[in-house]
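Undergrad: What shape does this take:
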Amino acid sequence: MKHFLTFIVSYFRKYLAYFVSYKSVKDLMQVPAGDLLQKINSPSDLKQFSEDELEQVCQQLRQYIVDEVSVNGGHFAASLGVVELTVALHYVLNTPYDQLVWDVGHQAYGHKILTGRRDNFHTNRVYGGLSGFPKRTESEYDTFGVGHSSTSISAALGMAVASHYKGENDRQHVAVIGDGAMTAGMAFEALNHAGIENTNILVILNDNCMSIDPNVGALKEYLTDITTSKPYNRFRDDIAFVLGKLSQVGPDAFKIAKKLEKSIKGTLLKQSNFFEALQFRYFGPTDGHDVKHLVKVIRDLTQIPGPKILHCVTIKGKGYALAEKDQTKWHAPGLFDKITGEIKKTQYEKPQPPKYQDVFGHTIIELAEQNSKIMGITPAMPSGSSLNLMMKAMPNRAFDVGIAEQHAVTFSAGLATQGLVPFCNIYSSFMQRAYDQVIHDVAIQKLNVVLCLDRAGLAGADGPTHHGAYDLAYMRCIPNMTVSAPMNEEELRNLMYTAQLEDKGPFVIRYPRGNGVMVDWKRPFKEIPVGKGRKICDGEEVAILTIGAIGNEAAKAIAALNTDSYYPAHYDMRFVKPLDEALLHEVFTKYSKVITVEDGCLEGGMGSAILEFMADNNYNAQVVRLGIPDKYIEHGEQPELWAECGYDAATIAQRVKDLGARQGAHIIAS
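TA: The predicted structure follows:
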């Protein structure tokens with residue numbers, strides 16, 4: 001009986017936050033599917049339809065995505081753009097035996113709906129519901145977990161090589177990658193390798209000139225040249241069919257046809273030699289919204305051995321006029337009225353604090369107006385980081401380098417060698433991709449590159465691929481590095497101001513996704529001494545040490561505790577490297593019980609740094625560390641996830657009481 005009650009309590013606590021959350025199950029709405037779509041619970045059901053019926057299936061699938069996302073939220077325009085491609089792939093391929101890898105996953109909503117998750121799709125990106133990205137533990141049709149871009153070709157190639165090794169030569173391996181994701185170095189590395197393996201891999205290039213923001217760079221121009229070459233387009237229309245038939249005739253006929261095709265392509269369009277030079281059979285461009293033609297082309301390509309690339313031209317947001325017109329806005333618009341297109345926003349009676357990213361965007365312009373050395377850099381996230389504000393105001397001083405985090409960091413390092421002060425803004429989880437560059441190109445050379453890590457901590461509905469869990473740990477172990485985190489918007493501004501004064505060397509500023517806590521945030525700049533924290537309030541017996549914006553949860557906890565006559569002290573560390581040793585000597589001299597709170601991993605994070613200091617200085621205190629535990633945290637609203645991990649305000653307050661803190665008289669802050 002005792003174990004049963006324990007189970008019930010545990011189960012209830014686990015799901016309590018879900019039922020009372022901002023977007024809880026009671027708020028969700030499952031919308032009806034069209035008559036054809038209702039019959040599709042797996043790709044085998046899709047195959048029962050005739051090719052003539054596929055256009056109607058596409059219409060119903062597109063409408064279902066519009067209906068669902070409008071009332072339940074999520075990514076939007078990317079999946080609308082690949083509806084026909086998704087239907088064609090599952091119609092032709094024998095999935096999941098044939099392995100289909102979606103790059104990033106913003107474009108995989110249709111895939112999820114067709115592979116048995118239609119009736120649960122209303123829980124997409126909600127705490128306890130479906131992941132917003134393909135996830136291997138969710139479905140056998142999700143062959144590879146994705147969230148960061150440009151991994152699909154490498155993964156599909158690994159699968160293809162494994163299939164060849166196991167003698168499964170009838171197995172198809174398809175990677176669907178956007179033209180934005182193709183700008184990443186990893187995609188080129190995979191193409192380079194795939195060209196010499198001669199395994200059965202098909203890369204489908206979804207070309208819509210967009211990632212989240214419009215694509216940039218020479219590759220975009222190159223693809224545009226291909227799509228506008230009329231002689232080449234007339235020639236390529238039947239080449240896939242011919243090669244498919246000749247491959248069945250015999251290897252000699254196929255080789256002769258390949259040589260002839262290569263010669264004609266070189267004459268009609270020299271640019272096509274880029275893919276040909278990597279030993280890929282190039283087909284396209286083809287209309288990515290003609291489902292019957294896509295079925296024919298994909299079926300033909302499955303008969304052609306070796307590495308192939310199919311260039312599909314699509315429109316992001318296809319079928320929803322407003323999304324086609326403003327593709328960045330409709331990448332993930334939130335809830336909206338599907339009829340009028342009005343995006344629903346929460347109405348507030350009072351002014352609300354800004355998003356941290358917007359504080360960054362406005363502040364860097366202010367600083368750049370005062371300091372001509374400041375430059376802004378981001379890898380394909382100008383609107384997500386709000387660097388687009390600087391790109392508009394100072395186009396010659398702000399750069400979107402495409403999906404290329406490694407290049408962004410080393411490009412910034414190059415700028416710094418010439419006396420400039422680059423602010424390189426990269427999401428915390430994306431910065432993981434450029435870790436070697438941070439060490440090798442920035443830190444070793446002591447270059448004054450300011451690394452602004454947006455979406456630090458638990459990032460919300462995007463889940464484990466996007467949580468910025470590790471930056472405090474992986475940055476603080478690097479020599480020459482300053483690692484900081486502001487507790488509020490004013491502190492963010494002041495840290496940015498501090499980082500560009502003189503030569504501070506490598507300087508990390510990490511801040512969370514979402515809104516801050518200050519309405520009156522735009523205050524005069526003040527320099528913050530590097531490595532200096534601050535005491536927010538004095539207290540009795542227990543000291544709470546926080547880093548970054550999660551300190552506001554500790555402040556809420558202390559306010560609640562004060563009403564119960566508990567008075568813990570609160571220190572905002574500001575820096576995890578260098579630590580404020582004078583402040584820590586004060587803490588361990590005055591307090592026998594210490595709680596550390598961080599919106600980051602416990603292994604190697606701020607709490608670990610505090611324990612190291614305590615051991616190195618022979619202090620003896622009871623230390624409780626609160627933060628992200630040693631596991632991957634799934635998706636949900638940030639408050640839900642803080643509660644799950646045990647560092648929301650309510651849990652912090654309870655931990656103070658659990659330490660046996662005494663009730664006593666209020667201590668005046670010093």
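Undergrad: Could you check the pLDDT of Ala78?
TA: The score at Ala78 is 88. That number is its pLDDT.
Undergrad: Next: Ala33.
TA: 87.
Undergrad: who touches it in this structure?
TA: Neighbour list for Ala33: Gln60, Tyr64, Arg118 [criterion: Cβ atoms under 8 Å, 6 or more residues apart in numbering]. Backbone N, C-alpha and C define where each C-beta goes, glycine included.
Undergrad: Looking at the residues you listed, which are in strands?
TA: Applying DSSP state E to those, no entry is found in strands.
Undergrad: so which of those residues is the most crowded?
TA: Tyr64 (22 neighbours; other Cβ atoms under 10 Å).
Undergrad: Touching, that residue and Leu37? I think so.
TA: Yes - between Tyr64 and Leu37 there is a contact under Cβ atoms under 8 Å: 5.9 Å.
Undergrad: Give me the common contacts of these two.
TA: Ile113, Arg118.
Undergrad: Please tell me how far the closest residue to Ile40 other than its chain neighbours sits from Leu93.
TA: The shortest distance from Ile40 to any non-neighbouring residue, by Cβ to Cβ, 6 or more residues apart in numbering, is to Leu46 (5.2 Å). Per Cβ to Cβ, to the nearest Å, Leu46 is found 11 Å from Leu93.
Undergrad: Kindly report the same for Gly516.
TA: From Gly516 to Leu93 the distance is 47 Å (Cβ to Cβ).
Undergrad: and if you look at Ala380?
TA: 30 Å.
Undergrad: Please identify which of these two sits among more neighbours.
TA: Each of Ala380 and Leu93 has its neighbours counted (other Cβ under 10 Å); Ala380 has more, 28 against 22.
Undergrad: residues near Leu36, how many?
TA: 18.
Undergrad: ok, now the one 5 residues further on?
TA: Using other Cβ under 10 Å, Asn41 is surrounded by 14 other residues.
Undergrad: Then Thr563?
TA: Thr563: 7 neighbours (other Cβ under 10 Å).
Undergrad: Please state the offset of the helix or strand where Ile544 lies from the chain centre?
TA: Using DSSP states H and E, Ile544 sits within strand 542-547. Here strand 542-547 is found 30 Å from its chain centre; the criterion is Cα atoms, centre = their mean, to the nearest Å.
Undergrad: Could you point out the helix or strand that follows it?
TA: helix 551-563.
Undergrad: who touches that following helix?
TA: 487-488, 517, 536-537, 544, 546, 567-568, 570, 572, 597, 642, 647-650, 652-653, 656-657, 666.
Undergrad: In a strand, Met431, correct?
TA: No - looking at Met431 with DSSP: H, G, I helix; E, B strand; the rest coil, it is helix, so not inside a strand.
Undergrad: That one is in contact with Ala408, isn't it?
TA: No - Met431 is beyond contact range of Ala408, at 9.4 Å (criterion: Cβ under 8 Å).
Undergrad: mind checking the SS state of His311?
TA: Classified using three-state DSSP, His311 is strand.
Undergrad: what number of residues lie near it?
TA: What His311 shows, counting by other Cβ under 10 Å, is a neighbour count of 22.
Undergrad: Need the pLDDT of it.
TA: 91.
Undergrad: Looking at Pro486 now. What's its pLDDT?
TA: At Pro486, pLDDT is 98.
Undergrad: Direction included, what does the strand holding Ile544 pair up with?
TA: Sheet pairing of strand 542-547 (DSSP bridges) gives strand 569-572 (parallel), strand 593-601 (parallel).
Undergrad: Kindly reformat these as CSV containing mean pLDDT.
TA: Conversion of those to CSV gives the following (pLDDT from 0 to 100):
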stretch, mean pLDDT
strand 569-572, 98
strand 593-601, 98
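Undergrad: Looking at those strands, which is nearest to Gln303?
TA: strand 593-601 (48.6 Å; Cβ to Cβ).
Undergrad: The closest one relative to helix 551-563, how many degrees between them?
TA: Angle, strand 593-601 to helix 551-563, by axes from the mean of the first three to the mean of the last three Cα atoms, to 10 degrees: 150 degrees.
Undergrad: send the alpha carbons of strand 593-601 over as CSV?
TA: Output of strand 593-601 as CSV, limited to C-alpha atoms (Å, rounded to 0.1, in the frame of the first residue of the first chain):
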residue,chain,number,x,y,z
LYS,A,593,24.3,26.3,4.5
VAL,A,594,24.5,27.3,0.8
ILE,A,595,22.2,26.7,-2.1
THR,A,596,23.4,27.3,-5.7
VAL,A,597,20.9,27.9,-8.5
GLU,A,598,21.7,27.8,-12.2
ASP,A,599,19.7,27.3,-15.4
GLY,A,600,22.4,25.0,-16.7
CYS,A,601,23.8,21.6,-16.1
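Undergrad: for that strand, which positions count as buried?
TA: Lys593, Val594, Ile595, Thr596, Val597, Glu598, Asp599, Gly600, Cys601 (16 or more other Cβ atoms under 10 Å).
Undergrad: what's the next secondary structure element after it?
TA: Once the chain leaves strand 593-601, the next helix or strand it forms, by DSSP H and E, is helix 606-616.
Undergrad: For that next one, C-alpha coordinates in PDB please.
TA: Output in PDB follows, covering the C-alpha atoms of helix 606-616 (Å, rounded to 0.1, in the frame of the first residue of the first chain):
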ATOM      1  CA  MET A 606      28.400  27.100 -11.300                       C
ATOM      2  CA  GLY A 607      27.600  24.800  -8.400                       C
ATOM      3  CA  SER A 608      30.700  22.700  -9.200                       C
ATOM      4  CA  ALA A 609      32.800  25.900  -9.300                       C
ATOM      5  CA  ILE A 610      31.500  26.900  -5.900                       C
ATOM      6  CA  LEU A 611      32.400  23.400  -4.500                       C
ATOM      7  CA  GLU A 612      35.800  23.600  -6.000                       C
ATOM      8  CA  PHE A 613      36.300  27.000  -4.300                       C
ATOM      9  CA  MET A 614      35.100  25.600  -1.000                       C
ATOM     10  CA  ALA A 615      37.500  22.700  -1.200                       C
ATOM     11  CA  ASP A 616      40.500  24.700  -2.300                       C
END
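Undergrad: Check what contacts that helix and list those residues.
TA: So helix 606-616 is contacted by 472-473, 476, 545, 547, 573, 576-577, 579, 581, 584, 588, 594, 596, 598, 600, 602, 619-621, 623, 625-627 (Cβ under 8 Å, 6+ apart).
Undergrad: what's the angle from it to strand 593-601?
TA: 140 degrees.
Undergrad: Just the mean pLDDT for helix 606-616, thanks.
TA: For helix 606-616, the per-residue pLDDT averages 98.
Undergrad: again, but for stretch 494-509
TA: On average, stretch 494-509 scores 96.
Undergrad: Equivalent analysis for stretch 98-114, please.
TA: 93.
Undergrad: which regions of the stretch 551-670 of the chain sit below the pLDDT cut-off?
TA: Counting by pLDDT under 70, the ranges of the stretch 551-670 of the chain that qualify are 664-670.
Undergrad: OK, contacts around Phe507?
TA: Phe507 neighbours (Cβ under 8 Å, 6+ apart): Asn448, Val449, Val450, Leu451, Met481, Thr482, Ser484, Ala499.
Undergrad: now with 7 Å?
TA: Neighbour list for Phe507: Val450, Leu451, Thr482, Ala499 [criterion: Cβ atoms under 7 Å, 6 or more residues apart in numbering].
Undergrad: okay if I get those residues as CSV plus secondary structure?
TA: What follows is these, written out as CSV (three-state DSSP):
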residue, secondary structure
Val450, strand
Leu451, strand
Thr482, strand
Ala499, helix
